[in-house]
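Undergrad: Build me a structure from this.
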Amino acid sequence: MAASASEVSPRALASRRRLSDRIGDTALYVLSAIAAFGTFVIFGLIVYRIVYGAWPALTTFGISFVWHTNWDPVTGAFGALDFLYGTAVTSFAAVLIGGPLAIAIALYLTEIAPAAVRGVVGSLVEMLAAVPSVVLGLWGILVLSPFLHDHVMPFLHRWLGFIPIFGEPNPGGGNMFIAILILAIMIVPITASVSRELFKAVPQDLKEGAYGLGLTRWEMVRGVLIPYTRGGLVAAVVLGMGRAVGEAIAVTQVIGGFLGRPTNLFQPGDTLASRIAAQYQGAVSNLHISSIVYLALILLVFSLIVNVSAQFIVNRFEFQKAGR
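TA: Just a heads-up that it's a prediction; the model follows:
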């Protein structure tokens, strides 16, 4: 009597496999391992090249380059503190504006919007990611900047001027506030897209169970949707922040290129990426070029710190979700 399918041994099943199947498994393993290892190689090459280019500035200024404020190509005095300050302020402020806005858009598209609206609005939001940064920066100069100078900044200064960051607006030109809004617009598409996929992945049974217990839509979002996806939402926001930290062209066009640490958001400033984009081609000495590459090294370390911190937060949320 022939043995049933459940009684066939794994060895017998393995013997029936063709040679091409076993070769395919091996090839898949090798190719995927090479691809995974290749990321480490590429990252290592990037780090090596940046450190090599920044080495003259590293040996000249040392770690004190990070907290020095001078940037004078004529005298050969360089420091990164002003640009590091501008990068931190613009990127974090952009996340504070764009992150909640992107999550709200994702909630609307997944839980509130009619089916006919979801496709149109979702496509329009994702199309923002396809707008070149130089075009967005040009729009910031021609459209956004005049509107903010004429209406928004005076209004904010009139009603919130007692808060130091909303001080006297700078008359015309670029400033930190315009750069923050441009960056917020740029991080919305990627954060909203990832958040939307996270909300769509929440099991329908959980939401229906919440409604069955008498919860309102807001209570379901607050008690089920957000806790279930909070780790992924943090990752989505940090992904958007990575875009804000490294953006150069659009920020260069609207931030003003000011040396110093602005005392309020309505004054011009500069960022690490913006300074690199603005001065690398016109560098006047080898030390100047090396100092610009040193800025790139600081930007890389800054981005790594942000992403590692975000990964720690995500792992912490997953740890809590597992009940451990």
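Undergrad: How far off centre is the helix or strand where L183 lies?
TA: Assigned by DSSP states H and E, L183 belongs to helix 176-200. Offset of helix 176-200 from its chain centre (Cα atoms, centre = their mean, to the nearest Å): 8 Å.
Undergrad: do the same with stretch 256-267
TA: Offset of stretch 256-267 from its chain centre (Cα atoms, centre = their mean): 22 Å.
Undergrad: which parts of it are buried?
TA: Within stretch 256-267, the residues that qualify as buried are G256, G257, F258, R261, P262, N264, L265, F266, Q267, counting by 16 or more other Cβ atoms under 10 Å. Backbone N, C-alpha and C define where each C-beta goes, glycine included.
Undergrad: Which parts of the stretch 201-324 of the chain are helices?
TA: With DSSP state H, counting those that start in this stretch as the criterion, the stretch 201-324 of the chain has helices at 204-212, 217-220, 226-246, 249-254, 272-279, 286-321.
Undergrad: What is the second one packed up against?
TA: The reference is to helix 217-220. Counting contacts by 3 or more Cβ pairs under 8 Å, 6 or more residues apart in numbering; DSSP states H and E, helix 217-220 is packed against helix 204-212.
Undergrad: send the alpha carbons of the helix it packs on over as CSV?
TA: Provided in CSV are the C-alpha atoms of helix 204-212 (Å, rounded to 0.1, in the frame of the first residue of the first chain):
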residue,chain,number,x,y,z
GLN,A,204,-9.8,45.3,10.2
ASP,A,205,-10.9,43.0,13.0
LEU,A,206,-9.2,45.3,15.6
LYS,A,207,-11.0,48.4,14.2
GLU,A,208,-14.4,46.6,14.0
GLY,A,209,-13.9,45.3,17.5
ALA,A,210,-13.3,48.8,18.8
TYR,A,211,-16.4,50.1,17.1
GLY,A,212,-18.3,47.1,18.5
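Undergrad: Check which helices and strands it sits against.
TA: helix 217-220.
Undergrad: pLDDT averaged over the helix it packs on, what's the number?
TA: If you average the pLDDT over helix 217-220, you get 91.
Undergrad: Please apply the same query to stretch 56-65.
TA: 94.
Undergrad: So which bits of that stretch are buried?
TA: The neighbour-count check on stretch 56-65 (16+ other Cβ under 10 Å) flags P56, A57, L58, F61, F65 as buried.
Undergrad: tell me the angle the helix holding L183 makes with helix 272-279.
TA: Angle of helix 176-200 versus helix 272-279, following axes from the mean of the first three to the mean of the last three Cα atoms, to 10 degrees, is 130 degrees.
Undergrad: Counting by contacts, list what helix 176-200 packs against.
TA: Other elements packing on helix 176-200 under the criterion 3+ Cβ pairs under 8 Å, 6+ apart are helix 81-107, helix 115-127, helix 133-139, helix 226-246, helix 249-254.
Undergrad: how about 6 Å then?
TA: Taking 3 or more Cβ pairs under 6 Å, 6 or more residues apart in numbering; DSSP states H and E as contact, the helices and strands that helix 176-200 lies on are helix 81-107, helix 115-127, helix 226-246, helix 249-254.
Undergrad: As JSON lines, the ones you listed with distance to T75 and mean neighbour count would be great.
TA: Converted to JSON lines, those look like this (distance: least, Cβ to Cβ, whole Å; neighbours: other Cβ atoms under 10 Å):
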{"stretch": "helix 81-107", "distance to T75": "16", "mean neighbour count": "21"}
{"stretch": "helix 115-127", "distance to T75": "47", "mean neighbour count": "12"}
{"stretch": "helix 226-246", "distance to T75": "29", "mean neighbour count": "21"}
{"stretch": "helix 249-254", "distance to T75": "24", "mean neighbour count": "26"}
